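1. Output the structure for:
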Amino acid sequence: MSEWMVDDIPDQAGRTILVTGANSGLGLRSAEALASRGARVLMGCRNQEKAAVALEAVNKAAADAPPEVVPLDLADLDAVRACAKQLTDKLDQLDVLMNNAGVMAIPHQRTRQGFELQFATNHLGHFALTGLLLPLLRRAHPSRVVSVSSIVHRAARLRLGDWEEKGYSRWFPYVQSKLANLLFTSELQRRATAADADLLAVAAHPGYAATSLSSGLPTVYRLGAKVSDRLFAQPDRMGALPQLYAATMPDVGPDDYWGPDGFMERRGWPKRVGRSRAASDSDAARRLWEASEKLTGITYTW
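-> Model (predicted):
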């Protein structure tokens, strides 16, 4: 694809968009870009101190509606429910939900509900949030749900109920969660189509972008990641372009997956990309959905 930049985003005036993890990295860049094109941007953030700083940046970029911070801790299902209630009470509709927030390769931790933290944050929290906000999304015609995955999803095979692979590895739950993002997108689109809902479920990945995700790595690896970022990674503003394209452009189709157009999809301009065989398994998508319903207690009502 030829160059596509923030200025190419269609006018977003009158649209309400929730970006999770909007306090830094891809989420912050997405929030700035969408606000600059006229959208009312809601910033779902866990860390309120960082969110306050990010809010100033997005407010400076905003062309029309002022952005707002919405407290959101995706690792806590009670907090997800509280966030969804707050939004349901204040909004008439939600045009776009950008499921961007994530953690990567962190030390072993469990959530308040007892789930492994990476899988809980990256998949289960977003699964619950999307389901709880579905009535708001259905009031928008059309609406979109954009889930941010990763090229590392290709290293994963779905293992339901074994998020820690019988002994914790920092990377296993992360790659599982990125596969889950794509399977969730496919099954969400299938169910939306079956319900005749005017909703597009799509996914995107940033390639190799310089973000703060590596902050959970051990010190020596974190230092190595910083060097690698400077040498090989594209800036986070470029990394955010695929998810911005997926969220706004009229040629985006059902269950599309967007990423960079460069070598091995590591950098470049947005283009439609492929996914692994495991990420194309409709039976696995259905089984993941059913497991996610049981784990979160959230059932989607169409």
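2. all contacts plus neighbour counts: C-alpha atoms, from now on.
-> Fine.
3. Can you list the low-confidence ranges for the stretch 151-300 of the chain?
-> Low-confidence regions of the stretch 151-300 of the chain, defined by pLDDT under 70, span residues 161-167, 210-233.
4. Which strands and helices lie in contact with the one helix or strand I17 maps to?
-> For I17, the element it lies in under DSSP states H and E is strand 16-20. Using 3 or more C-alpha pairs under 8 Å, 6 or more residues apart in numbering; DSSP states H and E as the contact criterion, the neighbours of strand 16-20 among helices and strands are helix 25-36, strand 40-45, strand 96-99.
5. give me that answer again for 10 Å
-> Under the contact criterion of 3 or more C-alpha pairs under 10 Å, 6 or more residues apart in numbering; DSSP states H and E, strand 16-20 touches helix 25-36, strand 40-45, strand 68-71, strand 96-99, strand 143-148.
6. Would you map the helices across the stretch 201-302 of the chain?
-> Assigned by DSSP state H, counting those that start in this stretch, the helices in the stretch 201-302 of the chain fall at 219-232, 236-239, 241-248, 282-296.
7. just the CA coordinates of the shortest one, formatted as PDB?
-> What follows is the C-alpha trace of helix 236-239 in PDB, where atoms were taken according to Å, rounded to 0.1, in the frame of the first residue of the first chain:
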ATOM      1  CA  ASP A 236       5.000   4.100  17.900                       C
ATOM      2  CA  ARG A 237       3.300   6.600  15.700                       C
ATOM      3  CA  MET A 238       3.900   4.300  12.700                       C
ATOM      4  CA  GLY A 239       3.000   1.200  14.700                       C
END
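8. Please save the CA atoms from stretch 63-73 in PDB.
-> C-alpha atoms of stretch 63-73 as PDB (Å, rounded to 0.1, in the frame of the first residue of the first chain):
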ATOM      1  CA  ALA A  63      -9.800  19.200  16.900                       C
ATOM      2  CA  ASP A  64     -13.300  19.300  18.400                       C
ATOM      3  CA  ALA A  65     -14.600  17.200  21.400                       C
ATOM      4  CA  PRO A  66     -12.400  17.200  24.500                       C
ATOM      5  CA  PRO A  67     -11.100  13.700  25.400                       C
ATOM      6  CA  GLU A  68     -12.000  12.100  28.700                       C
ATOM      7  CA  VAL A  69     -10.300   9.500  31.000                       C
ATOM      8  CA  VAL A  70     -12.300   6.500  32.100                       C
ATOM      9  CA  PRO A  71     -10.800   4.400  34.900                       C
ATOM     10  CA  LEU A  72     -10.300   0.800  33.600                       C
ATOM     11  CA  ASP A  73      -8.300  -2.100  35.000                       C
END
